[in-house]
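K.L.:
below are the sequence and a predicted model for it; my questions follow.
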Amino acid sequence: MINKISASVAEAMSGIQDGATVLVGGFGTAGIPNELIDGLIEQGARDLTVVNNNAGNADTGLAALLKTGRVRKIICSFPRQADSWVFDELYRAGKIELELVPQGNLAERLRAAGAGVGAFFTPTGFGTELAKHADGTPKETRHINGKDYVLEYPIHGDVALIKAEAGDRWGNLVYRMAARNFGPVMATAAKRTIATVHEIVELGQMDPENIVTPGIFVSQIVKIERVATQAGGFKQA
């Protein structure tokens, strides 16, 4: 019987190796799998490459992981914002590498990994510093139908940490509004996907037409509680 439900975050996070590439869902503070990030901190893997839309907010979640010093490199679109002081300090001190990727390219490089696409040409970044490799050498370019393009490669993950709204024991997932963001493409781009959900439903309870991430792309799910807010409601994202 297929049952991808893990009893705890610690159980789900076991086996992540040093040097892993970790895809972390979320856009700003929406859809961040904070419980899984905290679990990764407790798990102790080091020398990580982290892929996320940004580079952490304040001192929690992804920023807390960066603060441990166990992230070697981050691949993201928006590394600097008002509350990105953890990343700023590490980067200025030369303690973390940064690969800056335009947001559309980031999503497409992840999608390409899941789709089995070897590489793709995109106009985004052509003629800028983003059209160079980390060592300063230019990326391959091509002129197609009167337009200039840059060759980009997929981003494959060893593990993806994502947040969904509900799932079943087969690992099928649905999301809540903007919390969906990078979750679906990251799930397809990783060898192993771990998802948190607020609700576990019976098989067949979710309309198949509404399932966003099929269970074939999901390794484990963990149920977490919603976080109560000071106003007496619940934090949804």
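P.N.:
It's in. These numbers were taken from a predicted model, which means no experiment stands behind them.

K.L.:
after the helix or strand F87 falls within, next one along is what?
P.N.:
Using DSSP states H and E, F87 sits in helix 85-92. Using DSSP H and E, the helix or strand that follows helix 85-92 towards the C-terminus is strand 97-100.

K.L.:
low-scoring stretches of this structure, by residue?
P.N.:
Across the chain, residues meeting the criterion (pLDDT under 70) sit at 228-237.

K.L.:
for it, longest helix please?
P.N.:
Ranked by number of residues, the top helix in the chain under DSSP state H is helix 103-115.

K.L.:
contacts for that one next, please.
P.N.:
23, 51, 53, 75-78, 101, 117-120, 122, 124-125, 152-157, 182, 185-189, 217 (Cβ atoms under 8 Å, 6 or more residues apart in numbering). In short, each C-beta sits where N, CA and C put it, glycine included.

K.L.:
now the buried members of these.
P.N.:
Those of the contacts of helix 103-115 that meet the buried threshold are 23, 51, 53, 75-77, 101, 120, 124-125, 152, 154-157, 182, 185-189, 217, by 16 or more other Cβ atoms under 10 Å.

K.L.:
what's the domain layout of the chain?
P.N.:
Residue ranges for the domains of the chain, per automatic domain parsing: 9-118+155-224, 119-152.

K.L.:
what residues sit buried inside the shortest one?
P.N.:
The one in question is domain 119-152. The neighbour-count check on domain 119-152 (16+ other Cβ under 10 Å) flags F120, T124, G125, F126, L130, A131, Y149, V150, E152 as buried.

K.L.:
with stretch 32-43 instead?
P.N.:
Buried, per 16+ other Cβ under 10 Å, within stretch 32-43: I32, P33, N34, E35, L36, I37, D38, G39, L40, I41.

K.L.:
any chance of these in CSV, plus secondary structure?
P.N.:
As requested, the buried residues of stretch 32-43 are exported to CSV (DSSP: H, G, I helix; E, B strand; the rest coil):
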residue, secondary structure
I32, coil
P33, coil
N34, helix
E35, helix
L36, helix
I37, helix
D38, helix
G39, helix
L40, helix
I41, helix
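
K.L.:
who's I75 bridged to?
P.N.:
Assessed by DSSP bridges, I75 has beta-bridge partners V51, E99.

K.L.:
re earlier: now, which of the buried residues of domain 119-152 lie within helices?
P.N.:
Checking these against helices, none of them qualifies (DSSP H).

K.L.:
and of those, the nearest to D59?
P.N.:
L130 (29.3 Å; Cβ to Cβ).

K.L.:
G19 touches V71, doesn't it?
P.N.:
No: counting by Cβ atoms under 8 Å, G19 does not reach V71; the two are 11.3 Å apart.

K.L.:
quick one, which of these two is more surrounded?
P.N.:
V71 (24 against 11; other Cβ atoms under 10 Å).

K.L.:
state the distance from the more buried one to I32.
P.N.:
Taking Cβ to Cβ, to the nearest Å as the criterion, V71 is separated from I32 by 15 Å.

K.L.:
repeat for K139
P.N.:
Distance, K139 to I32, by Cβ to Cβ: 30 Å.

K.L.:
sorry, back to before: so which of the domains of the chain is nearest I2?
P.N.:
When the domains of the chain are ranked by proximity to I2, the top entry is domain 9-118+155-224, at 5.4 Å, counting by Cβ to Cβ.

K.L.:
how far does the closest one sit from its chain's centre?
P.N.:
Averaging C-alpha coordinates over domain 9-118+155-224 and over its chain gives two centres that are 3 Å apart (Cα atoms, centre = their mean, to the nearest Å).
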